[in-house]
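Trainee: Sequence plus the predicted model coming up.
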Amino acid sequence: MLDINITQVLFNFLALSSFYGLFAVGLALVFGVMKVVNFAHGEFFMMGGYAIWLLLMGLFGLPPWVVFLLALVVGPLAICVLGLVVEKLIFEPTSDDAFNGFIASLGLSYVLQSLAALSFGVVSKSLPVLIPGQVVVAGGVLTFQRLAVILGAVLMMAGLWYFLNRTPSGRAVRAASQDRRAALLQGIDLKRVRLLVMAIGVGMAAVSGVLMASIINIGPYMGLEAIWKAFIVVIVGGLGSISGAIVAALMFGFIDSVAITAGFGQYIVIIDTVIMLGVLAFFPRGLLGREAPALESGAVKQLLRPLRAFGPVVKIAAALFLAAALIAYPFLSSTYYVGLGILFLINVILVISYRTITTMGGWSFAHITMLAIGAYTSALLQTVFDLSFWLILPIAGGLAALVAALIAFPVMRTRQFYFFLSTFAAGEAIRQCFIQFKEPFGGIEGIPFLSPPGDLFGISFFDTANYYLLVLGIAVLCGILLYLFDISRTGRTVKAMAENENLSSAIGVNIWAMKTLAFCVGSFFAGIAGALFAAYNGFVAPTDYTAQFMFKVIAAVIIGGNRTFWGPVMGLVVLTAMEELLRGWAQLVPLIWGLTIILTVLFLPQGLEGLARRLLARRTGKTGEPAPRGEVADALRA
């Protein structure tokens, strides 16, 4: 029988709910007014933690509680100024495109993480107890530091309520949140409101970081774990709903406090994600949420008239030259670069299959998880059942598609940001399963001693050149199958559906089924890539399938563009080249990638393929513009 102290559960509940609420309400407020999910919200939380650490180092000798109080003022104010700069340089230029604003915030997240790692190191830092002492009630212990978190959150929430309900500026914020067009007609300066809301949102994140700094370790990646929790809270509560965020914070604060007190704290990620998926199955907009804004990127502009800049002879000659170069590559390169080529081809399968998912109008953050499922399937079937690689390969893809179908049941009823954020949480929960369950997944160490495919027609795949050619052949086959799906009636229906879901539904298209199909098809090929990845590495471990890897996939699609198959591949070439050029400065890679994402969103929103299309259009005198609405309807009826 579990020995649970009710008083301790209550104390943990108050502390966790206060932190979740304070952090998530700032995120919900920003979305409510600016209609963008700020993925970098966690990094402003991280900077709040570093603010108090810097003050402790600079004001050594002062009592810690004095530094703590000073940090509660100086830290958030400095970070508010940074938030205003971010709003003017990044979010205001993308205010007409919610999706681009979100992607820019994703790039900003990695820029801030990299700057923190370069400035302070990657090793987490522990702070001393800033407010010593504790209260003991009926066996439950509440430290003064956690009491400060509770009181700070209550005061911030009370101040926010007073501001929104009792001040002219607060009423302007509420008006802009409810109807921006009506607010504009009433003479409200929306740019000023956006600046004010951004300052409040990042300020609340910074206050959270200061309050939690001596409770958790400070590190450049602490914001990633915090933003995961904030996403779950705002998804369940409802995007843009402050009251919903508070309700969800209280709910998860209670659930997590019971789990921690009962000794199941390591499973919190899994527990909370299952609850989130259950809520979404019945409340696609969350408990008190509103519909997310329509995305203007992704698949929304997919239907294009073909731009024929070159004749068939030129295309055939180019294809033959490319094929010859790829086949000759392993015989002309060193072992290192052959290995690099293998990883590149595996990533090609990954990014073009991800592009298939984006054609249905949703951007999944769980694609790297499907890669992991394929890899773990391959490892288990080889080590436990001693199956042949040639049987394992389709099974790995099939199991990844099956998991995608299970995730799709609740999340495919959601739209836009709900889909992205819920797949982010689901993917992390699955990765935590690989970490927490040592049997059968091997825990954090993973599963070692995997072998490459067995000989085929006397060809040994222990030779990296032969394995490269095998992966090349499979990559070409996957590309052909995905291309056939893309140009098929079903593929054209999926893309047209993303253009106008209401029209699609009106003429009888099963929206849920089409989205799920695209999600599962993309996940199947990610599972195939996972099996190839595991066979090449010789082991699988959860540390290989992180959010940073997923960021690379998204970055490739954004930088290259997702209208054609060549777009993501072009983006992947750019990212791989950057990674190789910065091989000796690995910490600079995410910084450069993040900056590239931001610059692409601001100045090249259609990616490299959009740039190439414009250059070819000048050469041929054709525009290759998106198809008119009538052609969209024709594609749906086809």
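Mentor: Looks like it came in fine. Numbering: from 1, shown residues only.
Trainee: Would you quantify the distance from D96 to V233?
Mentor: D96 is 28 Å from V233, where distance means Cβ to Cβ, to the nearest Å. Quick note: C-beta positions are derived from backbone N, CA and C, even for glycine.
Trainee: higher neighbour count, these two?
Mentor: V233 (30 against 9; other Cβ atoms under 10 Å).
Trainee: Low-confidence regions, the protein specifically.
Mentor: 1-3, 290-311, 415-416, 619-638 (pLDDT under 70).
Trainee: So it: which segments form each domain?
Mentor: 25-220, 312-637 (automatic domain parsing).
Trainee: Make TSV from those domains and add distance to I246 to it.
Mentor: As requested, those are arranged in TSV below (distance: least, Cβ to Cβ, whole Å):
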stretch	distance to I246
domain 25-220	7
domain 312-637	18
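Trainee: To S257, which of the ones you listed lies closest?
Mentor: With Cβ to Cβ, the closest approach to S257 among these belongs to domain 25-220: 10.9 Å.
Trainee: Which strand or helix spans the closest residue to I79 other than its chain neighbours?
Mentor: Sequence neighbours aside, A206 is the residue nearest to I79 in space, at 4.0 Å (criterion: Cβ to Cβ, 6 or more residues apart in numbering). Per DSSP states H and E, A206 falls inside helix 190-212.
Trainee: can you pull the buried residues of that helix?
Mentor: By neighbour count on 16 or more other Cβ atoms under 10 Å, the buried set for helix 190-212 is 190, 193-212.
Trainee: re the thing from before, thought the residue nearest to I79 was touching M46?
Mentor: No. In this structure A206 lies outside contact range of M46 using Cβ atoms under 8 Å: 9.4 Å.
Trainee: Help me confirm that L469 comes into contact with Y329.
Mentor: No. Using Cβ under 8 Å, L469 makes no contact with Y329, being 9.4 Å away.
Trainee: helix/strand/coil for the most centrally placed residue in the chain?
Mentor: For the chain, the residue nearest the mean C-alpha position is F365 (4.7 Å; Cα atoms, centre = their mean). Following DSSP: H, G, I helix; E, B strand; the rest coil, the label given to F365 is coil.
Trainee: Does the closest residue in space to it that isn't next to it in sequence lie in a helix or a strand, and which?
Mentor: Distances taken as Cβ to Cβ, 6+ apart place F424 nearest to F365, at 3.7 Å, with adjacent residues excluded. F424 is part of helix 417-436 when elements are defined by DSSP H and E.
Trainee: buried residues in that helix?
Mentor: Those would be 417-432, 434-435, for helix 417-436 by 16+ other Cβ under 10 Å.
Trainee: Downstream of it, the next helix or strand is which one?
Mentor: helix 438-441.
Trainee: So what's the gap between that next one and the chain middle?
Mentor: Its chain's C-alpha centre and that of helix 438-441 lie 26 Å apart, by Cα atoms, centre = their mean, to the nearest Å.
Trainee: now stretch 598-607
Mentor: Worked out by Cα atoms, centre = their mean, stretch 598-607 lies 18 Å from the chain centre.
Trainee: again with stretch 238-252
Mentor: 21 Å.
Trainee: And the contacts of it?
Mentor: 16-17, 20-21, 24-25, 27-29, 31-32, 35, 37, 157, 160, 164, 177, 229, 232-234, 236-237, 272, 275, 285-290, 292, 417-418 (Cβ atoms under 8 Å, 6 or more residues apart in numbering).
Trainee: thinking again about what came up before, which other helices and strands contact the helix holding A206?
Mentor: helix 6-34, helix 41-58, helix 64-86, helix 144-166, helix 168-178, helix 180-185 (3 or more Cβ pairs under 8 Å, 6 or more residues apart in numbering; DSSP states H and E).
Trainee: Just give me how far the first one sits from the chain centre.
Mentor: What it means is helix 6-34. 21 Å.
Trainee: Could you do the last one as well?
Mentor: Centre-to-centre, helix 180-185 and its host chain are 32 Å apart (Cα atoms, centre = their mean).
Trainee: Give me the phi and psi angles of the spatially most distant residue from the centre of the chain.
Mentor: What lies farthest from the middle of the chain is G458; by Cα atoms, centre = their mean that is 43.2 Å. The phi and psi values for G458, taken as degrees, to the nearest 10, are phi 80, psi 0.
Trainee: Can you name the residues that contact it?
Mentor: G458 neighbours (Cβ under 8 Å, 6+ apart): none.
Trainee: and the gap between it and A531?
Mentor: 22 Å.
Trainee: now do G48
Mentor: For G48, the distance to A531 - Cβ to Cβ - is 42 Å.
Trainee: Next: I598.
Mentor: Applying Cβ to Cβ to I598 and A531 gives a distance of 34 Å.
Trainee: ok, the two, which is more surrounded?
Mentor: The neighbour comparison of I598 against A531 (other Cβ under 10 Å) goes to A531, with 31 against 21.
Trainee: so which strand or helix has that one?
Mentor: helix 511-537.
Trainee: which element follows the host helix or strand of F102 toward the C-terminus?
Mentor: Per DSSP H and E: F102 is located in helix 98-120. Per DSSP H and E, the first helix or strand lying C-terminal to helix 98-120 is strand 134-137.
Trainee: That following strand pairs with which strands, and in what direction?
Mentor: strand 140-143 (antiparallel) (DSSP bridges).
Trainee: outside of the strand it pairs with, which residues touch it?
Mentor: Here strand 140-143 has contacts from 5-11, 14-15, 129, 131, 133-136, using Cβ under 8 Å, 6+ apart.
Trainee: try 7 Å this time
Mentor: 5, 7-8, 10-11, 134-135 (Cβ atoms under 7 Å, 6 or more residues apart in numbering).
Trainee: Please report how far the closest residue to G398 other than its chain neighbours lies from N347.
Mentor: With sequence-adjacent residues excluded and distances taken as Cβ to Cβ, 6+ apart, G398 is closest to F524, at 6.8 Å. Here F524 is placed at a distance of 17 Å from N347 (Cβ to Cβ).
Trainee: what's the answer for G446, then?
Mentor: 20 Å.
Trainee: Kindly report the same for S124.
Mentor: 30 Å.
Trainee: For the two, work out which one has more neighbours and name it.
Mentor: N347 (23 against 14).
Trainee: contacting residues for that one?
Mentor: With Cβ under 7 Å, 6+ apart, N347 has these contacts: L572.
Trainee: thought G101 was touching T94?
Mentor: Yes. Assessed by Cβ atoms under 7 Å, G101 is found in contact with T94 at 4.0 Å.
Trainee: quick one on the thing from earlier: so what's the residue nearest to the centre of the chain up against?
Mentor: Going by Cβ under 7 Å, 6+ apart, the list of residues near F365 reads 420, 423-424, 427, 550.
Trainee: And F331, by the same measure?
Mentor: A465.
Trainee: Does it lie in a helix or a strand, and which?
Mentor: helix 312-332.
Trainee: Please identify the buried residues of that helix?
Mentor: So helix 312-332, judged by 16+ other Cβ under 10 Å, has buried residues 326, 329-330.
Trainee: quick revisit: buried residues, the helix holding A531. List them.
Mentor: 511, 514-537.
Trainee: Surely T359 touches A496?
Mentor: No. In this structure, T359 is not within contact of A496 by Cβ under 7 Å, at 9.9 Å.
Trainee: Which of those two has more residues huddled nearby?
Mentor: Neighbour count, other Cβ under 10 Å: between T359 and A496, A496 has more, with 27 against 24.
Trainee: measure the more buried one to P63 for me?
Mentor: 66 Å.
Trainee: Same question for A555.
Mentor: 46 Å.
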